[in-house]
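K.L.:
need a structure here:
(one chain, ligands or ions: 1)
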Amino acid sequence: MNAENLIFKLYFQILIVPVMNISIIGTGYVGLITGACFAKLRNNVVLVDIDKKKIEMIKKGIPPIYETDLDKLLLTYKNRINATTNYDLAVHSSDLTFICVGTPSKKNGSIDLSFVKKTSQEIGIQLKKKKGWHLVVIKSTVLPGTTEKIILPLLEKFSGKKAGKDFGLAMNPEFLREGTAVKDFFEPDRIIIGFYDKKSRDVLKKLYKDFSCPIIETSLSAAEMIKYASNAFLATKISFINEIGNLCKKINVDTYEVADGIGLDRRIGRAFLDSGIGWGGSCFPKDLNALITWAKNIGEKPRIIKSAVEVNKQQPLKLLQILKKHIPKLRGKTIGILGLAFKPDTDDVRESRAIPIIKQLLIEKATIKAYDPKAMKNFKRLFPTIEYCSSAEEVLNSDAILILTKWDEFKELDYSGKTVIDGRRLEEAKKARIYEGVCW
Ligand code: NAD
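P.N.:
Next comes the predicted model:
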């Protein structure tokens with residue numbers, strides 16, 4: 001082989017040889033997006049889920065969820081992405097395993113760790129059989145102390161091995177936002193590496209070596225707390241501006257002008273100051289509830305966080321109060337709903353503000369016509385009997401229209417002659433015959 005060929009071969013190998021072999025447990029929003037993005041960065045990825053349907057779809061390169069650009073990533077990098085229900089295959093063919101299973105709320109608001117515990121047990125069983133060192137990284141949102149006091153003992157018990165010696169342990173919280181998750185993965189504000197042992201820290205630093213953002217090294221519990229504190233702060237910021245928005249509405253002041261005015265203060269910042277009908281989604285509601293119940297258990301009363309939750313409960317109902325100014329008796333009236341997803345560019349309806357609004361409209365015997373570009377399939381599982389329209393235009397044929405999610409396509413509609421009550425500040429809807437915003 002001549003020198004040129006050798007250089008080419010080496011160059012080619014550097015390009016195609018994967019950086020790391022990664023397994024990911026849980027192929028929901030976080031696991032699937034993390035996996036697809038790591039594959040783009042030349043890593044080999046094995047995705048594991050107990051949901052066979054999801055695994056079959058991923059194997060075909062079809063994302064089981066809607067997220068911008070995810071379909072392209074799954075197709076482009078399908079040769080680096082494997083999907084299975086088999087932990088054995090995943091742990092034994094990888095150097096590190098991310099835990100990305102759900103951590104939902106129990107009925108009393110406390111965190112449900114059953115998926116995390118089951119996963120830890122399954123990984124432990126595989127570690128027992130595995131020769132050599134392996135890194136376990138928690139990406140699921142878990143309360144401070146969980147990785148060290150619950151996950152570590154389970155891994156040790158089922159593997160018969162010692163953390164920090166036979167296997168590594170780290171906590172790497174996820175900050176992606178649904179709708180812009182792929183972009184967020186590649187352009188994070190920061191990466192947090194909470195670590196139990198230095199080897200684990202070093203492996204994660206290597207995995208994230210191409211990222212230019214600050215990489216913060218912390219204890220396991222600090223990493224866990226950073227995630228909760230971030231979500232609690234952001235949710236509080238929205239509840240704060242909604243409270244200011246409610247005051248502004250009373251005195252005829254445009255709350256968005258106020259937001260622009262305070263947002264320019266560098267200590268405050270403009271992000272998360274768009275008042276509206278409040279926050280939903282799979283994270284803020286459950287994480288704030290988990291934090292509140294956990295705080296009680298350690299003898300603290302988190303008053304600010306509790307208030308943020310309280311404001312958020314009331315905010316969607318404000319929209320209905322405004323609607324009733326225009327249509328006092330809702331019985332028999334047709335109310336058009338534009339938007340069911342908890343935010344645009346996702347099909348996720350978990351804790352969507354559309355839920356309490358539609359519940360109340362049904363109690364008051366209104367007829368509902370709803371449309372969402374991506375979330376109708378998921379919403380149908382919660383409300384199977386309301387009418388779902390095949391286009392946004394169809395919704396316009398109603399006694400009043402409520403805008404609940406700010407999808408771009410709603411900007412194109414002709415609102416003239418309509419009654420619109422807006423929960424998301426869609427400028428184009430101001431052309432309606434009657435237009436009112438929740439806080440403006
Ligand atoms: P999700 O509910 O969309 O997905 C979880 C997946 O885990 C499901 O596909 C489920 O079938 C699978 N699963 C459950 N038990 C399993 C097991 N024993 N083995 C294998 N798979 C199993 O959840 P998500 O929204 O991706 O969130 C995952 C975690 O990440 C949560 O802790 C969440 O709080 C956190 N998080 C979520 C977001 C977000 O925007 N969705 C952002 C940051 C952090």
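K.L.:
Alongside the ligand, which residues does the stretch 151-300 of the chain contribute?
P.N.:
174, 176, 178, 282, 283 (CB under 6 Å from any ligand atom). The C-beta positions use only the backbone N, C-alpha and C, and glycine is treated the same way.
K.L.:
Save the residues you listed as TSV, and put in pLDDT, secondary structure and distance to residue 360 too.
P.N.:
TSV is the format used below for these (pLDDT from 0 to 100; DSSP: H, G, I helix; E, B strand; the rest coil; distance: CB to CB, whole Å):
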residue	pLDDT	secondary structure	distance to residue 360
174	98	coil	33
176	96	coil	32
178	91	coil	25
282	90	coil	22
283	95	coil	24
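K.L.:
mind putting the residues you listed in CSV, distance to residue 324 and neighbour count included?
P.N.:
Below are those laid out as CSV (distance: CB to CB, whole Å; neighbours: other CB atoms under 10 Å):
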residue, distance to residue 324, neighbour count
174, 40, 22
176, 38, 19
178, 32, 25
282, 31, 21
283, 31, 27
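K.L.:
Can you tell me which of the residues you listed is nearest residue 363?
P.N.:
Checking those against residue 363 with CB to CB, the nearest one is residue 282 at 25.5 Å.
K.L.:
Contacts only, for the spatially closest residue to that closest one that is not a sequence neighbour.
P.N.:
Using CB to CB, 6 or more residues apart in numbering and skipping residues adjacent in sequence, the residue nearest residue 282 is residue 350, 4.3 Å away. Shown in contact with residue 350 (CB atoms under 8 Å, 6 or more residues apart in numbering): 280, 281, 282, 285, 342.
K.L.:
Give me the neighbour count for residue 130.
P.N.:
Number of residues near residue 130 (other CB atoms under 10 Å) recorded here: 17.
K.L.:
one step back: which among the contacts of residue 350 gets closest to the ligand?
P.N.:
residue 282 (4.5 Å; CB to the nearest ligand atom).
K.L.:
Ramachandran angles for that closest one?
P.N.:
phi -90, psi -10 (degrees, to the nearest 10).
K.L.:
And the one 10 residues further on, by the same measure?
P.N.:
Backbone torsions for residue 292, taken as degrees, to the nearest 10, come to phi -60, psi -50.
K.L.:
now do residue 48
P.N.:
phi -120, psi 140.
K.L.:
Same question for residue 346.
P.N.:
Dihedral angles for residue 346 - degrees, to the nearest 10 - are phi -140, psi 160.
K.L.:
show me the contacts for it.
P.N.:
66, 67, 178, 179, 374, 375.
K.L.:
For it, name its beta-bridge partners.
P.N.:
Beta-bridge pairing of residue 346 under DSSP bridges involves residue 67.
K.L.:
And it, how close does it get to residue 116?
P.N.:
Between residue 346 and residue 116 the computed distance is 23 Å (CB to CB, to the nearest Å).
K.L.:
What subset of the contacts of residue 346 is buried?
P.N.:
Among the contacts of residue 346, those scoring as buried are 66, 67, 178, 179, 374, 375 (criterion: 16 or more other CB atoms under 10 Å).
K.L.:
so residue 329, which of the three states?
P.N.:
Secondary structure for residue 329, judged by DSSP: H, G, I helix; E, B strand; the rest coil, is coil.
K.L.:
For it, the count of nearby residues, please.
P.N.:
Neighbours around residue 329, by other CB under 10 Å: 10.
K.L.:
per-residue confidence at it?
P.N.:
Looking at residue 329, its pLDDT reads 97.
K.L.:
Can you give me the distance of it to residue 162?
P.N.:
69 Å.
K.L.:
Then residue 385?
P.N.:
55 Å.
K.L.:
Provide a list of residues in contact with residue 242.
P.N.:
275, 276, 278, 311, 312, 315, 439.
K.L.:
hmm, which two among these are most spread apart?
P.N.:
312 and 439 (13.4 Å).
K.L.:
And these two? Which one has more around it.
P.N.:
For residue 312 and residue 439, the more surrounded residue by other CB under 10 Å is residue 439, and the numbers stand at 30 against 23.
K.L.:
The closest residue to the more buried one other than its chain neighbours sits in which helix or strand?
P.N.:
Leaving out its chain neighbours, the residue that sits closest to residue 439 by CB to CB, 6+ apart is residue 245, at 2.7 Å. Assigning secondary structure by DSSP states H and E places residue 245 in helix 220-250.
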